[in-house]
Every structure is written in C-alpha cells, then in structure tokens.
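> After the sequence you'll find the predicted model.
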Amino acid sequence: MDEIITYVKTENLLDDVCRIIDDAQRMAYQAVNITLVMRNRYLGRRIADEELNGENRAEYGAEIIDKLSKELAERYGKGYIRRALYQYVRFYRMFPEIVYSPSTQFAADEKVNAVST
C-alpha cells in the first residue's frame, strides 16, 4: 500500500519536515472534499425523496426547501440558503449513482444501510 505521508530522511531537516506537513495537508484537504461531496449528495437525495411525497411537486418542493433553509440557518448558520439546497438536489439528480473510492463507498453504503433498516 502506498504511503499517504512520505517520510524521507535527507540532510535537510526543514525540507523533510515541510514534505511531511505538505503531504498531511493535501490528504486532509482531499478527505474534507470527499466528505463534503458525499454530504451534499446525501442532502440532495434526502430533499428529493421528500419532494416526491408531495402531490403538487413544484409547490410542495418549494415549501419544503423554504422551511428547511430557515431551520438549517437557525441551527448551522447561513450556509444552507435556498439556492444551496436546490443545488444539492440538482447535484444528486445529475449524479444519482456516484461512486467514491471503494473504501469510502463501502463505508457510506454500510452507514446508509444501517440507518435505513
């Protein structure tokens, strides 16, 4: 298995330490990005699932997103505006079967299955 963080011992301590820090930061950014993509897709999926339960889908969907946006803003701040929620739904609809790396896909499927049952 490839090393996530490269450990190299050279004559230059500063370069070696900087390489370790840079590798760790790169991996942290990648992990955050993957997690945010998964979060946004799952948010879109859940909202889309709720919209399908309404009789008048367009009106019902707008009401759901308006209400949800207000409640999320109260709880988490202004990052969950209506426009963002609509983007999550659109993202989910564009990529309904998105696949991550095998390990993240397996973990995500296991978590969803555990919650669904």
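Alright, I've got the coordinates.

> hey, let's count contacts and neighbours off CA atoms from now on
Noted.

> how about the helices in the protein?
13-51, 57-76, 82-94, 102-116 (DSSP state H).

> could you list every residue that touches A84?
Contacts for A84 (Cα atoms under 8 Å, 6 or more residues apart in numbering) come out as none.

> circling back: right, so the helices of the chain: which one is the most enclosed?
Burial of the helices of the chain is given as mean neighbour count (mean count of other Cα atoms under 10 Å); helix 82-94 ranks first at a mean of 17.

> Pull out the C-alpha coordinates of that helix and format them as PDB.
Output of helix 82-94 as PDB, limited to C-alpha atoms (Å, rounded to 0.1, in the frame of the first residue of the first chain):
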ATOM      1  CA  ARG A  82     -32.400  28.000  -0.600                       C
ATOM      2  CA  ARG A  83     -30.100  28.300  -3.600                       C
ATOM      3  CA  ALA A  84     -27.600  25.900  -2.000                       C
ATOM      4  CA  LEU A  85     -30.300  23.300  -1.200                       C
ATOM      5  CA  TYR A  86     -31.600  23.500  -4.800                       C
ATOM      6  CA  GLN A  87     -28.000  22.900  -5.900                       C
ATOM      7  CA  TYR A  88     -27.700  19.800  -3.700                       C
ATOM      8  CA  VAL A  89     -30.900  18.400  -5.200                       C
ATOM      9  CA  ARG A  90     -29.700  19.200  -8.700                       C
ATOM     10  CA  PHE A  91     -26.300  17.600  -8.000                       C
ATOM     11  CA  TYR A  92     -28.000  14.400  -6.700                       C
ATOM     12  CA  ARG A  93     -30.200  14.200  -9.800                       C
ATOM     13  CA  MET A  94     -27.200  14.700 -12.100                       C
END
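
> now that helix against helix 13-51, angle please.
For helix 82-94 against helix 13-51, the angle by axes from the mean of the first three to the mean of the last three Cα atoms, to 10 degrees is 90 degrees.

> Report how many residues lie close to I98.
I98: 11 surrounding residues under other Cα atoms under 10 Å.

> For E11, give me the pLDDT.
We have a pLDDT of 97 for E11.

> ok, now G79?
What the model reports for G79 is a pLDDT of 87.

> Show the contacting residues for the nearest residue to it once chain neighbours are set aside.
Distance criterion Cα to Cα, 6 or more residues apart in numbering; nearest residue to G79, sequence neighbours excluded, is A73 at 7.0 Å. By Cα under 8 Å, 6+ apart, A73 lies in contact with G79, Y80, I81.
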